[in-house]
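Participant: The sequence and its predicted three-dimensional model are supplied below.
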Amino acid sequence: MAGDFDTIVNLAKRRGFVFQASEIYGGLRSAYDYGPLGVELLRNVKEQWWHSTVRMRDDVVGIDSAILQSPEVWVASGHLASFTDPLVECRECNSRHRLDKLDDPNTCPTCGNSGTFTEPREFNLMFKTHMGPIESEDNVVYLRPETAQGIFTNFENVRRTARMKLPFGIAQIGKSFRNEITPGQFVFRTREFEQMEMEYFCHPDDAAEKFKEWTEIRKNWYIDLGMSMENLRFREHEDDELAHYATAGGGTFDVEYRFPWGWDELEGVANRTDYDLKAHIAHSGEDLSYFDPETNERFIPYVIEPAAGATRTTFAFLLDAYFEEEVNGEQRTVLKLDPRLSPIKVAILPLSKKPELVEVTQQVADALRPRWAIEVDVTQSIGRRYRRQDEIGTPFCVTVDFDSLDDAQVTVRDRDTMAQDRIPIDNLVSYLGDRLGF
Ligand code: ATP
């Protein structure tokens, strides 16, 4: 089971995962702030991506490039000329829509009228601003619409300094900005969002094989983190959907999630060919070709790119983890997040606020805190506290009771099975470490 849209948006606000940005001023459309639990969940998603993509491989390294780059980057990459979506406006109600995302390209979804759209015009999605105190055309810079270009422009820097040999990848996580015509569906499509992208450089002859490898790796990432197969779909792009760089026979593969409104993209794996490096070579005059000393061959590498959305994927994990179940005649809501993603790993709950129990609780908290994100909760009945922890996806609750004072043991409750184990406090770290697997 997965949560429906309103339920998850409501839970996200109520429990402090995601807030509307500038809420006290009525909110800024399409901008969101991540609260105490949301920031942990989002960081965990990014950390899992970084761990599997960079740390666990010796052929991938990371960078963190600037959001503001020379405008020449966007001229070379083709974004200034063709990073556009077709915009139509309804003559009847003046609403604006992205033509390629409309279910019916003739009928306005806002007012219901048919045949009222203007001719489509290509709308550029780049956010513009000025660098320095003078707001002139000469000082225009753009907020990056993807993290990938900061990787291409650093290809040679990274190859040289990290002494990388082909095939190798450069990974980056960071904010991107697109002036979307129709943002919406909560954090699914926003104008400011976070991406997790990796450019894997290889010999042109190896590109087809590497593309296959990365589609498999990326599929398995979602499955390994517990996303249910029935809500995941993997799909090759139709020709008319190909991005501007992928038209030269590259191919694109989508990871899609069954959102409450239907299947939609979480990630695209694309064969970007040598499009970007070639464009930067032509535009900058720098030599970004690669020389293979073993074969004495010089060539421009091809690039396989898995490009995922961190914020969008976080939303999908939230939706996917949501369950409502009846246990012993009682209704409970539980987020069955993989423990690696859970914002809080262990909640420590003293049965009462008596100083003796609070003292033991502090000792337990001190022992666990260096290793995991924990929360100490002393308010309300124990049943309510369990329900709150279930609802935010905490895999384990540790209860400190009056017996703990005599036997130096605590009760550990498992989120999914609700089974309880009595564990000596001295063994708690190793017990939880075994159960969590980290
Ligand atoms: P769409 O067709 O939905 O506009 P796209 O195919 O242009 O998206 P890419 O350029 O491939 O998207 O970006 C890679 C990933 O970045 C997407 O799969 C998505 O997860 C994320 N992403 C792109 N645009 C947004 C956005 N406006 N808000 C949130 N995430 C986004």
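Facilitator: Arrived safely, thanks for sending.

Participant: any idea how far residue 126 is from residue 155?
Facilitator: As judged by C-beta to C-beta, to the nearest Å, residue 155 and residue 126 stand 22 Å apart. Just so you know, the C-beta spots here come from the backbone N, C-alpha and C atoms, and that holds for glycine as well.

Participant: what's the neighbour count on the nearest residue to residue 192 once chain neighbours are set aside?
Facilitator: The spatially closest residue to residue 192, leaving aside those adjacent along the chain, is residue 177, at 5.4 Å (C-beta to C-beta, 6 or more residues apart in numbering). Residue 177: 19 surrounding residues under other C-beta atoms under 10 Å.

Participant: now swap in residue 58 and tell me
Facilitator: By the criterion of other C-beta under 10 Å, residue 58 has 9 neighbours.

Participant: where do the helices sit along the stretch 151-300 of the chain?
Facilitator: Ranges of helices in the stretch 151-300 of the chain, per DSSP state H, counting those that start in this stretch, are 155-161, 207-224, 275-284.

Participant: which strands and helices sit next to the second one?
Facilitator: Read it as helix 207-224. strand 192-202, strand 232-236, strand 252-259, strand 262-273, strand 302-309 (3 or more C-beta pairs under 8 Å, 6 or more residues apart in numbering; DSSP states H and E).

Participant: mind checking which of those strands is nearest residue 316?
Facilitator: In terms of C-beta to C-beta, the element of the helices and strands packed on helix 207-224 nearest to residue 316 is strand 252-259, at 4.5 Å.

Participant: need the contact list for the residue nearest to residue 192.
Facilitator: Taking C-beta atoms under 8 Å, 6 or more residues apart in numbering, we find residue 177 in contact with 67, 127, 143, 144, 145, 191, 192, 193.

Participant: The same query, at a cut-off of 7 Å, please.
Facilitator: Residue 177 makes contact with 127, 143, 144, 145, 191, 192 under the criterion C-beta atoms under 7 Å, 6 or more residues apart in numbering.

Participant: can you name the two of the residues you listed that are farthest apart?
Facilitator: Farthest pair in the contacts of residue 177, by C-beta to C-beta: 144 and 191, 12.9 Å.

Participant: So for the two, which residue has more residues nearby?
Facilitator: Shown here are residue 144 and residue 191; by other C-beta under 10 Å, residue 144 has more neighbours (26 against 17).

Participant: Pick out the shakiest of the helices and strands packed on helix 207-224, pLDDT-wise.
Facilitator: Note on these: strand 232-236 shows the lowest mean pLDDT, a mean of 92.

Participant: Please name the strands paired to that one in the sheet, noting orientation.
Facilitator: Sheet pairing for strand 232-236, assigned by DSSP bridges, gives strand 252-259 (antiparallel).

Participant: Which single residue of the stretch 251-400 of the chain approaches the ligand most closely?
Facilitator: residue 309 (2.2 Å; C-beta to the nearest ligand atom).

Participant: Could you report the neighbour count for that residue?
Facilitator: By other C-beta under 10 Å, the residues close to residue 309 number 24.

Participant: Show the contacting residues for it.
Facilitator: Per C-beta under 7 Å, 6+ apart, neighbours of residue 309: 193, 195, 266.

Participant: Look up how far the ligand lies from the second one.
Facilitator: Shown here: residue 195 relative to the ligand, a distance of 5 Å by C-beta to the nearest ligand atom, to the nearest Å.

Participant: I figured that residue hits residue 171, correct?
Facilitator: No: assessed by C-beta atoms under 7 Å, residue 195 is found out of contact with residue 171, at 10.8 Å.

Participant: burial count for the spatially closest residue to residue 357 that is not a sequence neighbour?
Facilitator: In space, and not counting its chain neighbours, residue 357 is closest to residue 350: 4.2 Å by C-beta to C-beta, 6+ apart. Residues lying near residue 350 (other C-beta under 10 Å) number 26.
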